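Enquirer: Sequence first, predicted coordinates after that:
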Amino acid sequence: MDHANHSWPQTFLLAGFSLPGGLRPLAFLGALCIYLLTLAGNLSIIVLVRADAGLSTPMYFFLSVLSFLELWYVSTTVPTLLRTLLAGPSAIAPAACFTQLYVFHSLGMAECYLLGVMALDRFLAICRPLHYHALMSRQAQLWLAGAAWVAGFSAALVPAGLTASLPYCWCWVAHYFCDLAPLMRLACVDPSRHARIYIVVIGLINTCNLSVILGFYGGILRTVLRLPSAASRAKAFSTCSSHVTVVTLFFGSAFLVYVGPPEIRAQGRDKLLALVYTFLTPFLNPIIYTLRNKEVKEAVRRVIQRSRVMLKRP
């Protein structure tokens, strides 16, 4: 079919989730509460890292960058989720739809690279402690964080551009935001070639980053097992456990949705799995990184004490 005979529809309709009318307000309120808690949790980490000198280390700098990314990442898709939960299927302009698609995948790929950078930071801290501060200077931190963002926004041009170039004959998007597979199902032509390309691009980026992360943690594991003290080994493992948990959640769900078996990516299931990495992971990240972290708890205590002293001053 000739692409020139078709163009974007005047509007796309986001289907959202099929819920009974009585459950919609409850689902909306629940999702809104989680969204607000996600914003508050990630903002708190950013403010805390900036406010407390005890957290002025590369590890917490990269954590604050991750939290900043998560603020944008969750805000890219959750507003349309809330709208569909409250009002049912919602219209979205094609330009806004493809912009959402591009920004969402840019931030997702940037997070892939950033998780790799955070693994590198832990590897240098544990396996190269004598050279750590020289290698992970402030300039190096800024360069690595910036490179993660640039790489993510550059790589997302391929799948987003391919999807936007397709001619569309239908407008019903069986999802709560504009994602690759739901949009490709609406094309007037066979999108299998486009789908193979985006699976290769996303799969390659995910696989390479995950391989790098596993390589770094393999080196960390070898170093930690050689430590003479059980207390030292426990401390080293505790600094990495949060990051490993986040990596498992993020990469596991992303692989299932974008490069997993076709039955997993089937219409209806993909949007349920998407809730894990678009909604649940940004909510859990601040909890995972702070729940068992004594340094963060001590920083919170110091910031609260300083705030109390400032409030008592005349």
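Expert: Nice, thanks for sending it over.

Enquirer: got the buried residues for the worst-scoring helix or strand of the chain on mean pLDDT?
Expert: For the chain, the helix or strand with the lowest mean confidence is helix 230-258, at a mean of 75 (criterion: mean pLDDT, DSSP states H and E). Of the residues in helix 230-258, those buried under the neighbour-count criterion (16 or more other CB atoms under 10 Å) are 236, 240, 242-244, 246-247, 249-258. To be clear about C-beta, it is placed using only N, CA and C from the backbone, and glycine gets the same treatment.

Enquirer: What of stretch 65-78?
Expert: By neighbour count with 16+ other CB under 10 Å, stretch 65-78 contains the buried residues 65, 66, 67, 68, 69, 70, 71, 73, 74, 76, 77, 78.

Enquirer: for stretch 38-45, same thing?
Expert: 38, 39, 41, 42, 45.

Enquirer: Redo those residues as a markdown table? Include secondary structure and distance to residue 150.
Expert: As requested, the buried residues of stretch 38-45 are arranged in a markdown table below (DSSP: H, G, I helix; E, B strand; the rest coil; distance: CB to CB, whole Å):
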| residue | secondary structure | distance to residue 150 |
| --- | --- | --- |
| 38 | helix | 25 |
| 39 | helix | 25 |
| 41 | helix | 26 |
| 42 | helix | 22 |
| 45 | helix | 23 |
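
Enquirer: ok, the residues you listed vs residue 181, which is closest?
Expert: Each of the buried residues of stretch 38-45 was scored against residue 181 by CB to CB, and residue 38 proved nearest at 24.7 Å.

Enquirer: Please tell me how far that closest one sits from residue 44.
Expert: Computed with CB to CB, to the nearest Å, the distance linking residue 38 and residue 44 is 11 Å.

Enquirer: Neighbours of residue 225, how many?
Expert: Burial of residue 225, expressed as a neighbour count using other CB atoms under 10 Å, amounts to 9.

Enquirer: For residue 64, see how far away the residue nearest to it when sequence neighbours are not counted is.
Expert: By the measure of CB to CB, 6 or more residues apart in numbering, the closest residue to residue 225 outside its immediate chain neighbours is residue 233, 7.3 Å from it. The span separating residue 233 from residue 64 equals 28 Å under the rule CB to CB.

Enquirer: Check residue 116 too.
Expert: As judged by CB to CB, residue 116 and residue 64 stand 17 Å apart.

Enquirer: More neighbours: which of the two?
Expert: Neighbours of residue 116 and residue 64, each counted by other CB under 10 Å, are more numerous for residue 116; the result is 22 against 19.

Enquirer: wait, what's in contact with the more buried one?
Expert: Applying CB atoms under 8 Å, 6 or more residues apart in numbering, one finds that residue 116 lies in contact with 148, 209, 212, 213, 216.

Enquirer: Out of the residues you listed, give me the one that has the most neighbours.
Expert: Top of the contacts of residue 116 by neighbour number is residue 148, holding 25 neighbours under the definition other CB under 10 Å.

Enquirer: how about the helix or strand encompassing residue 307: buried residues?
Expert: Assigned by DSSP states H and E, residue 307 belongs to helix 294-312. In terms of neighbour count (16+ other CB under 10 Å), helix 294-312 has its buried residues at 296, 299, 300, 302, 303.
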